[in-house]
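Peer 1: here is a sequence with its predicted model. Questions after.
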Amino acid sequence: MSTSFGIAVIGAGRMGADHIDRIHRRITGARVAAVVDVDLARAEAAVAGIDGAIALTSADEALDHPNVDAVLIATPGFLHEEILLKAIALDLPILCEKPLTQDVESSWRVVQAEVELGHPRIQVGFMRRFDAQYQSLGTLVRSGELGELLMLHCAHRNPRTNAGFTNEMIINDSVVHEFDAIRFLTGEEITSVQVRMGKATKNAPEGQHDPQHVLIETESGVLADVEIFVNAKFGYQVTTQASFEDGIVDIGGDTGTYVRSAGRWGGAVTPGFEERFGAAYDVEVQAWVDAAITGGLGGPSAWDGYATAACCEAGVEAQRTGGRATVKLEQKPGIYS
Ligand code: ISE
């Protein structure tokens, strides 16, 4: 093993397995030290072929293990708080998949635990910030080259959702990315959220209304509209069109090989988020490892996790009332400045 910076990955499901493979094959300066899953067989399968990595069913055991220097949390969101609080108490570097926690109260408890610790330890897995196109749009906004940013038109389309993916999850699991991306691009907090439900697809699971139209406003009055369409069938797509005073910028369009043959033209549709954001995940995890080794953060903090949880709370309220819900935020603690 070339390095001793050992990471415990908690959760070996879809995202956890993807991160285990990433750390093992592509990330430099770190190694998978432990994999934790309630299903021991799944944890064992995940560590197969990774020298020195152990499989466990207890997150506590992993966090206390002498070979573990940092933790990557990829469990379902409702399990995050307990693991986060334990890792903060041990002062371990943490990369926590989004959402930080399931609701705004628990996210605020996590922020307060970090404030008590005295420094940020949690990086939240908002990978879009590491996507080359989001980064160049962010740079354009900050440069002022095209004047002020006025509006954002976002589309977030997934091929399908499973039964049990509720309207609330559409906000907490999917639109949460848009909230963070809008905060990242504008450098501002979001002040209000409104959700409109129009004509629905027959392809949504029972009880879910799909697509939905989310209207978002930031501190300076930038307006963003999001089409969230999670049973769009055709594939995966995340696009943004930004209207500036002096220009219009598009990101996230189709990429790849463009073929003309047999009287047709076109290319392949992106199947899922692993393909769309695979490179961004690599950059994200490497940035986290590089910063964690020297005690810092390489990306969005627990404050960003908390602020997006507040947006999600407003989004869910807006779904329920049909009105415009205000985003309520506590004062930003000094450790996040
Ligand atoms: C999923 O959890 C993700 O994070 C994807 O990026 C997003 O597109 C999808 O809607 C979520 O369910």
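Peer 2: Good, I have the coordinates. Residues are numbered from 1 along each chain as shown.

Peer 1: where's the residue in the stretch 51-200 of the chain that the ligand sits nearest to relative to residue 9, distance?
Peer 2: Of all residues in the stretch 51-200 of the chain, residue 174 sits closest to the ligand, with a separation of 3.3 Å (CB to the nearest ligand atom). (Glycine included, C-beta is placed from N, CA and C.) Taking CB to CB, to the nearest Å as the criterion, residue 174 is separated from residue 9 by 23 Å.

Peer 1: more crowded one of these two?
Peer 2: Shown here are residue 174 and residue 9; by other CB atoms under 10 Å, residue 9 has more neighbours (30 against 21).

Peer 1: sheet partners, orientation included, of the helix or strand where the more buried one lies?
Peer 2: Per DSSP states H and E, residue 9 falls inside strand 6-10. Paired with strand 6-10 in the same sheet, following DSSP bridges, are strand 31-36 (parallel), strand 70-73 (parallel).

Peer 1: could you dump these into JSON lines and include mean neighbour count?
Peer 2: Putting these into JSON lines (neighbours: other CB atoms under 10 Å) gives the following:
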{"stretch": "strand 31-36", "mean neighbour count": "26"}
{"stretch": "strand 70-73", "mean neighbour count": "26"}
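
Peer 1: Provide the secondary structure category for the residue of the stretch 51-200 of the chain closest to the ligand.
Peer 2: The assignment at residue 174 comes out as helix when based on DSSP: H, G, I helix; E, B strand; the rest coil.

Peer 1: ok, now the one 10 residues further on?
Peer 2: Classification of residue 184 using three-state DSSP returns helix.

Peer 1: repeat for residue 241
Peer 2: Recorded secondary structure, residue 241: strand (three-state DSSP).

Peer 1: give me the contacts around the helix or strand containing residue 105.
Peer 2: Using DSSP H and E, residue 105 falls within helix 104-117. When contacts are defined by CB atoms under 8 Å, 6 or more residues apart in numbering, helix 104-117 is touched by residues 81, 84-85, 88-89, 91, 99-101, 120-122, 302-303, 305-306, 309-310, 312-313, 330, 333, 335.

Peer 1: contact partners for residue 137?
Peer 2: Under the criterion of CB under 8 Å, 6+ apart, the contact list for residue 137 reads 185, 240, 242, 249, 251.

Peer 1: skip the chain neighbours and tell me the closest residue to the fourth one.
Peer 2: The reference is to residue 249. Once its chain neighbours are removed from consideration, residue 249 has its nearest residue in residue 242; the separation is 4.6 Å (CB to CB, 6 or more residues apart in numbering).

Peer 1: tell me which residues form a beta bridge with the one you found?
Peer 2: Under the criterion used (DSSP bridges), residue 242 bridges to residue 152, residue 249.

Peer 1: how many other residues sit next to it?
Peer 2: Other residues within reach of residue 242, judged by other CB under 10 Å, total 23.

Peer 1: hang on, the earlier thing: can you pick the most crowded of the contacts of residue 137?
Peer 2: Counting neighbours by other CB under 10 Å, residue 185 leads the contacts of residue 137 with 25 neighbours.

Peer 1: list the residues that contact that one.
Peer 2: In this structure, residue 185 makes contact with 134, 137-138, 141, 149, 152, 240, 242, judged by CB under 8 Å, 6+ apart.

Peer 1: ok, now residue 275?
Peer 2: Residue 275 makes contacts with residue 236, as judged by CB under 8 Å, 6+ apart.

Peer 1: per the record, what domains does the protein have?
Peer 2: 6-128+279-299, 129-277+308-336 (automatic domain parsing).

Peer 1: what about the first one, start to end distance?
Peer 2: Distance across domain 6-128+279-299, first residue to last, is 20 Å (CA to CA, to the nearest Å).

Peer 1: so is it next to the ligand?
Peer 2: No: figure legend: domain 6-128+279-299 not in contact with the ligand (CB under 6 Å from any ligand atom); closest approach 6.5 Å.

Peer 1: quick revisit: right, and the residue of the stretch 51-200 of the chain closest to the ligand touches residue 158 too?
Peer 2: Yes: shown here, residue 174 and residue 158 form a contact pair, counting by CB atoms under 8 Å, at 7.0 Å.

Peer 1: so what sits against both of the two?
Peer 2: With CB under 8 Å, 6+ apart, residue 174 and residue 158 have common neighbours residue 230.

Peer 1: residue 193 pairs with what?
Peer 2: On the basis of DSSP bridges, residue 193 takes part in beta bridges with residue 216, residue 325.

Peer 1: in contact with it, which residues?
Peer 2: Applying CB under 8 Å, 6+ apart, one finds that residue 193 lies in contact with 214-216, 311, 314-315, 318, 324-325, 327.

Peer 1: let's see 10 Å
Peer 2: Taking CB atoms under 10 Å, 6 or more residues apart in numbering as the definition of contact, the neighbours of residue 193 are 171, 175, 179, 214-217, 224, 226, 310-319, 324-327.

Peer 1: turn the strands paired with strand 6-10 into CSV, columns for distance to residue 208 and mean pLDDT.
Peer 2: Supplementary listing: those in CSV, determined by distance: least, CB to CB, whole Å; pLDDT from 0 to 100:
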stretch, distance to residue 208, mean pLDDT
strand 31-36, 31, 98
strand 70-73, 26, 98
